[in-house]
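Asker: Quick one: sequence and predicted model below, then my questions.
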Amino acid sequence: MLNVPSQAFPAPGSQQRVASQGRSKVPLKQGRSLMDWIRLTKSGKDFTGLKGGLIEVTEEELKKHNKKDDCWICIRGFVYNVSPYMEYHPGGEDELMRAAGADGTDLFNEVHRWVNYESMLKECLVGRMAVKPAVPKDCHEGKRVLNGMLPKSQVTDTLPREGPSSPSYDWFQTESSVTIVIYTKQKNINLDSVIVDLQDDSLRAEAVIKDHSYLIHIGLSHEVQENFSVRVIENVGKIEIVLQKKETVSWKCLGDPLEKHDSFIPKKDTGLYYRQCQLISKEDVTHDTRLFCLMLPPSTHLQVPVGQHVYLKLSVTGAEIVKPYTPVSESLLSDFKEPVLSPNKYIYFLIKIYPAGLFTPELDRLQIGDFVSVSGPEGNFKVSKLQEVEDLFLLAAGTGFTPMVTVLNHALTHMSSLRKVKLMFFNKTEDDIIWRCQLEKLALKDKRFHVEYVLSAPSPEWNGKQGHVSRALLSEFLQRSLENSKVFLCICGPTPFTDEGIRLLHDLNFSDDEIHGFTA
Ligand code: FAD
Ligand code: NAP
C-alpha cells in the first residue's frame, strides 16, 4: 500500500500547526458549508463518473489522479475522488492536495481520525485498492483450497464487458470467529442482497448484484455454530458474514470449494436453491384466504426484497410441485403493535386456497410444525423505480394485492417525496376483500393513503364501484396531486386483468417507465 511520510504532515507553518488544539479551519466560500456538501451529495449527481459502480484501483492508476480537478486519495484501502469536495473541505484545498494521487491514511489518521469520512465521502468512492495476489496456502494436498486469494473463476472471466464487475472475497479470523468478506464493487447493497445458508458445515452465500449472482460455496474446514451474523457496509459495497467457531483453534484455510464456488453469473442462469421452513401459524383472513407464517432455519439469512416473490415446493402425491408466492408483512399496521416474533426469521404469505387447485389444498393440509421448501427471491421489481415519485397508484385484483403490501409499506415509510398513494382493489364480492379492516384503519391513520374497492359480483346492498377494470374507472381514479407530479403505477392480478389494465394505462398516456406489471 502507498504511504505518504507522516512527518511531513502537518507541514511547518501549515494551518494545522497554527492552532494549539487540533487544526484550524480556512474560511470557506459562500454556499460551501457542510450542509451544502450534504445537500449536494443527496442531489443524485454522479461524483465519480462510474454510474454507481466501483472499480479496483492500482497504485499506478491512483498516481495519475493528482491534480485539483482530478484528485483521488486512498484512505484505509478505499479510493475517493475528492475533487468535488475540495471547496467544502474545512481544512482547505491545499491540505487535501498533499495526499493527491496517494495514500492519505496516515495524514487522515493524524487530523481526522474521528471524522465519519465513509459517510461524508460515500458518493465520491471510486473503489478499493487492488490487492496483490498472495500465494495460496495448502489445506489438503491435491485439492484446490480457499484462502480468499484464488484466481478468478472461468465463469467470471467470460462475463460480458457491460455487466457489473466481478466481486471478490477474502476471510480473516479471531480466536472465536471467522469472517468472510465479499467485496461487491457496487454501492447500495442491502441486507436483502445477500442470502446465506449454512448446512452441515457447508456454507452457501449468494450476493445479488444488479442482475447477476455471486456465489461463495465452501465445505468449511472446521465446525461452526449454526447461528451467524451478516453485516452490510452499504457505502463501500462490503458484505461480512461472521461465523462462530465451535472450537477455538486457528484455521489454516477456509475450506474446500464446492459446486459453482466463486462464480459470477447472470441471475437468470442460476437454479433455485431451497431450504426447509417450518409452518408456525395459519390464520383465516377471508373465507378462502389464509395468512401463513413460515420460520426460516436458524442457519439461513434471507430477506425478500419489496415486491419480489419466492417459490414454495411441496411433494404432492409423490411429485414435487412448485408455485410462486409473494411474501407480505405480518400486517399492514405493524407499528401499531410490538412485533411478537423477531423479524427476518419469519416469512408471511397471504394465500388463497382453491379447492380444485393442485398446490393450495396440499398447503392447506399442512399441520403446524410441518415443513415446506422455500426458494430465494425472484422478480424484477426494483424500489429504485419509486425514487422521487409523488403519486403512487396501485391496481390490484384478488391476491394480486400481495405485492402491493410491501410496496405500500415501503412507500409510506421510506419515500420522502410521496404525496399520495391510492389503491384500487378489484374483487368479486365484499367477502373477498383481503385485510379490508386494516386498509381502512391505515387510510384513517395516514392521510396520504386512499383505498377504493371495485366489485364484479356485488350483493344488492353494495353502493360502491362495480364492474371490471375500465378506462372510465381508471381515468377518474388516476388523478395527480399536482399537474406535473411524478407518478408510478403498479398492477397485479389474474393475467388478463393485468394485460388489460396495462393496455388501458397506455391508452391514458402513461409510459412504460411509469408502469410496473407484476407477473411470474
Ligand atoms: P391451480 O391448480 O393452478 O388451479 C387454480 C384454479 O384454476 C383452481 O380453481 C382450478 O380449479 C382452476 N383450474 C386449474 N386448471 C384449470 C383448467 N385447465 N381449466 C379451468 N380451470 C382450471 N397466490 C396467492 O394466493 N398468494 C400470493 O402471494 C401469490 N403470489 C404469486 C406470485 C406470482 C409471481 C405468481 C405468478 C402467482 C402468485 N400466486 C399467488 C398464484 C399462485 O402461484 C398459484 O397460481 C395459486 O396459488 C393457484 O395454485 P394451485 O396449484 O392451488 O391451483
Ligand atoms: P379473482 O378473485 O378470481 O379475481 C379478482 C377480480 O379480478 C375479480 O373482480 C374478477 O372478476 C377480476 N378479473 C378476473 N379476470 C379478469 C379479467 N380478465 N379482466 C378483468 N377483470 C378480471 O382473483 P384471484 O383468484 O385472487 O387470482 C389472483 C391472480 O393474481 C392469480 O391469477 C395469481 O396468479 C395472480 N397473482 C400474481 C402475482 C404476481 O404476478 N406477482 C402475485 C399474486 C397473485 P370476475 O368476477 O369476473 O372473475
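Answerer: Everything's here; your move. Please read all numbers here as calculations on a predicted model, not as lab measurements. Ligands and ions are numbered 1, 2, ... in the order given.
Asker: Check the burial of the closest residue to ligand 1 within the chain by counting its neighbours.
Answerer: Distances between the chain and ligand 1 by CB to the nearest ligand atom are smallest at residue 357, namely 2.4 Å. For every residue, glycine as well, the C-beta is placed using N, CA and C. If you count neighbours by other CB atoms under 10 Å, residue 357 ends up with 13.
Asker: And for the one 3 residues further on?
Answerer: Residue 360 has 21 neighbouring residues, counting by other CB under 10 Å.
Asker: Surely it is in contact with residue 366?
Answerer: No: with contact defined as CB atoms under 8 Å, residue 360 and residue 366 do not form a contacting pair (10.9 Å).
Asker: Show the contacting residues for residue 58.
Answerer: 129-130 (CB atoms under 8 Å, 6 or more residues apart in numbering).
Asker: State the three-state secondary structure for the residue of the chain closest to ligand 1.
Answerer: coil (DSSP: H, G, I helix; E, B strand; the rest coil).
Asker: What values do phi and psi take at the one residue in the chain that gets nearest to ligand 2?
Answerer: Proximity of the chain to ligand 2 (CB to the nearest ligand atom) peaks at residue 398, 2.1 Å away. Backbone torsions for residue 398, taken as degrees, to the nearest 10, come to phi 60, psi -130.
Asker: how many other residues sit next to the residue nearest to it when sequence neighbours are not counted?
Answerer: Spatially, and ignoring its direct neighbours in sequence, residue 398 is nearest to residue 493 (5.8 Å; CB to CB, 6 or more residues apart in numbering). When neighbours are counted by other CB under 10 Å, residue 493 registers 23.
Asker: intersection of neighbour lists for residue 360 and residue 366?
Answerer: What both residue 360 and residue 366 touch, as defined by CB under 8 Å, 6+ apart, is an empty set.
Asker: still on that earlier bit, now do the residue of the chain closest to ligand 2, the pLDDT please.
Answerer: If you check residue 398, the pLDDT there is 98.
Asker: and what of residue 447?
Answerer: 96.
Asker: Please confirm that residue 218 is located within a helix.
Answerer: No: assignment of residue 218 by three-state DSSP gives strand, placing it outside any helix.
Asker: any idea how far the residue lying closest to it once chain neighbours are set aside is from residue 226?
Answerer: Setting aside the residues directly before and after it, residue 218 is nearest to residue 255 in space (CB to CB, 6+ apart), at 4.4 Å. Using CB to CB, to the nearest Å, residue 255 is found at 16 Å from residue 226.
Asker: So which bits of the stretch 301-450 of the chain are right by ligand 2?
Answerer: Within the stretch 301-450 of the chain, the positions lying close to ligand 2 (CB under 6 Å from any ligand atom) are 309, 326, 352, 397-400, 402-403, 426-428, 432.
Asker: Mind checking which of those residues land in helices?
Answerer: Within those, residues falling in helices by DSSP state H are 402-403.
Asker: Give me the buried entries from the residues of the stretch 301-450 of the chain next to ligand 2.
Answerer: Among those, those classed as buried by 16 or more other CB atoms under 10 Å are 309, 326, 352, 397-400, 402-403, 426-427, 432.
Asker: Identify, from the residues you listed, the entry nearest to residue 473.
Answerer: residue 426 (9.1 Å; CB to CB).
Asker: List the residues that contact the closest one.
Answerer: By CB under 8 Å, 6+ apart, the contact list for residue 426 reads 395-398, 453-456, 468-469, 493, 497.
Asker: How is this structure divided into domains?
Answerer: Domain ranges of the chain: 23-129, 168-269, 274-378, 383-517, per the TED database.
Asker: helices and strands of this structure: which one bottoms out on pLDDT?
Answerer: Least confident helix or strand of the chain, by mean pLDDT, DSSP states H and E, is helix 15-18 with a mean of 35.
Asker: Moving along the chain from that helix, name the first helix or strand you hit.
Answerer: Next along the chain after helix 15-18, taking DSSP states H and E as the criterion, comes helix 34-41.
Asker: Determine how far that following helix lies from the middle of the whole chain.
Answerer: 25 Å (CA atoms, centre = their mean, to the nearest Å).
Asker: thinking again about what came up before, now render the contacts of residue 426 as CSV, adding distance to residue 43.
Answerer: What follows is these, written out as CSV (distance: CB to CB, whole Å):
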residue, distance to residue 43
395, 32
396, 34
397, 39
398, 41
453, 40
454, 40
455, 46
456, 46
468, 44
469, 38
493, 38
497, 39
